[in-house]
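Coordinates only, no sequence provided:
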Ligand SMILES: [Zn+2]
């Protein structure tokens, strides 16, 4: 990945973005796309929308959600410890004994998710997964009054972990799901800028995907596209403990996955495969036997129907603070979307 692109990805990852609190990351996204889009706006729901060639045909929407899973301050007890609820699906087993950041009106407050030491647990307690509502954040305050001076009910919380490059072009970070999607749609717009295009291209950094695909719903209605492609992460199956007979095969470094199934318009699905083949971009196929849990789900059933597609970046350890992806897969995702859109004619018929 080129340095300028990597810097943009890191800038997106640096911002906290639990569902409902996405505007810091949207600001970074807008600042970037402004350099090459024909227009950038934010809708009332918080989706950031950049357009290229707005008078073109067909109208193509690319959706990458910028929100991530996280937590929210729910209750402060008399001793000043903070109880929280999860924003999106977080595995409770990975939550305790972590450093966290709380984003407050007074700035970032650092804390840890406390856990009773092993010495104080009986045999049964050692085997148990703690329930989310029994975990607490300790900011070092001496009582409720001190915590309340700094932290308010409803403040968002994220794990305090950073981006790192591992071996073989793999990288680890918090919130690749789905910063890589909002990154890819912005990068695709950059790669398309200045090219001869028939299509109008709307790149959308959508909000609130993790709590019910909500931003894609409002933005797709507003944009009213002919084609809508969601760019998300997909669960890789190339690590221990995964049953490929159940979930299929997806490997890091083998290219983005192109989905097939009821949630995917066959003309779009085949068009993506053809674009990948023609441009020698590696890709993997993934079967989706039902509506996917991605923005493609709601985009497809917007208004009287939109031709939907789904391109995913393989991801290990999704929804944890140590998600792992291949930076080459991410580059190839942007190349695939770019090649597909350049190849679109204005008369393409998406009727299955
Ligand atoms: Zn997710």
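Arrived safely. This structure is a prediction, so every number in the text was calculated from the model and none was measured.

mind giving me the domain ranges of this structure?
3-68+174-342, 71-159 (automatic domain parsing).

Let's have the ones you listed in JSON lines, adding mean neighbour count.
C-betas here are computed from N, CA, C, even on glycine. Formatted as JSON lines, the domains of the chain follow (neighbours: other Cβ atoms under 10 Å):
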{"stretch": "domain 3-68+174-342", "mean neighbour count": "21"}
{"stretch": "domain 71-159", "mean neighbour count": "15"}
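
Between these, which one is closest to residue 349.
domain 3-68+174-342 (7.2 Å; Cβ to Cβ).

right, so of the domains of the chain, which gets closest to residue 168?
When the domains of the chain are compared for distance to residue 168 using Cβ to Cβ, the nearest one is domain 3-68+174-342, at 7.0 Å.

Under the pLDDT cut-off, which ranges of the stretch 1-150 of the chain? List them.
By pLDDT under 70, the stretch 1-150 of the chain contains no weakly predicted segment.

what are the ranges of the helices in it?
Along the stretch 1-150 of the chain, counting by DSSP state H, counting those that start in this stretch, helices occupy 3-14, 23-33, 123-127, 144-150.

Please produce a markdown table containing the ones you listed, extended by distance to residue 332.
Conversion of the helices of the stretch 1-150 of the chain to a markdown table gives the following (distance: least, Cβ to Cβ, whole Å):
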| stretch | distance to residue 332 |
| --- | --- |
| helix 3-14 | 13 |
| helix 23-33 | 20 |
| helix 123-127 | 43 |
| helix 144-150 | 44 |
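
Of all the ones you listed, which one is nearest residue 164?
helix 3-14 (10.5 Å).

contacting residues around the closest one?
Contacts made with helix 3-14 from outside it, assessed by Cβ atoms under 8 Å, 6 or more residues apart in numbering, are listed as 1, 25, 28-29, 32, 66, 163, 173-176, 179-180, 182-183, 186-187, 327, 330-331.

between it and helix 23-33, how many degrees?
Helix 3-14 and helix 23-33 are oriented at 160 degrees to each other (axes from the mean of the first three to the mean of the last three Cα atoms, to 10 degrees).

roughly how far is helix 3-14 from the heart of the chain?
Between the centre of helix 3-14 and the centre of its host chain there is 14 Å, according to Cα atoms, centre = their mean, to the nearest Å.

ok, back up a step: including distance to residue 349, could the domains of the chain go into JSON lines?
Output for these, formatted as JSON lines (distance: least, Cβ to Cβ, whole Å):
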{"stretch": "domain 3-68+174-342", "distance to residue 349": "7"}
{"stretch": "domain 71-159", "distance to residue 349": "37"}
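
between the ones you listed, which gets nearest to residue 348?
domain 3-68+174-342 (6.2 Å).

Ends of that closest one, what's the gap?
Start to finish, the residues bounding domain 3-68+174-342 are 25 Å apart (Cα to Cα, to the nearest Å).

Can you get me the centre-to-centre distance for it and its chain?
Remark: domain 3-68+174-342 is offset 8 Å from the chain centroid, using Cα atoms, centre = their mean.

which SSE is the closest residue to residue 295 other than its chain neighbours in?
Spatial nearest neighbour of residue 295, excluding adjacent residues (Cβ to Cβ, 6 or more residues apart in numbering): residue 216 at 3.5 Å. Here residue 216 is covered by helix 214-223, with elements defined by DSSP states H and E.

who's in contact with that helix?
43, 45-47, 49, 59, 61, 63, 65, 67, 202, 204, 206-209, 228, 230, 295, 298-299, 302-303, 306.

That one: what's the following helix or strand?
Proceeding C-terminally, helix 214-223 gives way to strand 227-235 as the next helix or strand, assigned by DSSP H and E.

which strands and helices sit next to that following strand?
strand 59-65, helix 176-192, helix 214-223, helix 266-278, helix 295-300, strand 307-315, helix 327-342 (3 or more Cβ pairs under 8 Å, 6 or more residues apart in numbering; DSSP states H and E).

pLDDT averaged over that strand, what's the number?
Model confidence over strand 227-235, given as mean pLDDT, is 98.

what lines up beside that strand in the sheet?
According to DSSP bridges, strand 227-235 has the following sheet partners: strand 59-65 (parallel), strand 307-315 (parallel).

Quickly note the distance from residue 166 to residue 325.
The gap separating residue 166 from residue 325 is 10 Å, by Cβ to Cβ, to the nearest Å.

let me redo that: residue 50
Residue 50 is 23 Å from residue 325, by Cβ to Cβ.

Residue 180 now?
6 Å.

what's the overlap in contacts for those two?
Contacts common to residue 180 and residue 325, judged by Cβ under 8 Å, 6+ apart, are 233, 313, 315.

Can you lay out these as JSON lines showing distance to residue 345?
JSON lines is the format used below for those (distance: Cβ to Cβ, whole Å):
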{"residue": "233", "distance to residue 345": "30"}
{"residue": "313", "distance to residue 345": "28"}
{"residue": "315", "distance to residue 345": "33"}
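
center of the chain - which residue?
Centroid-nearest residue in the chain: residue 178, 1.2 Å away (criterion: Cα atoms, centre = their mean).
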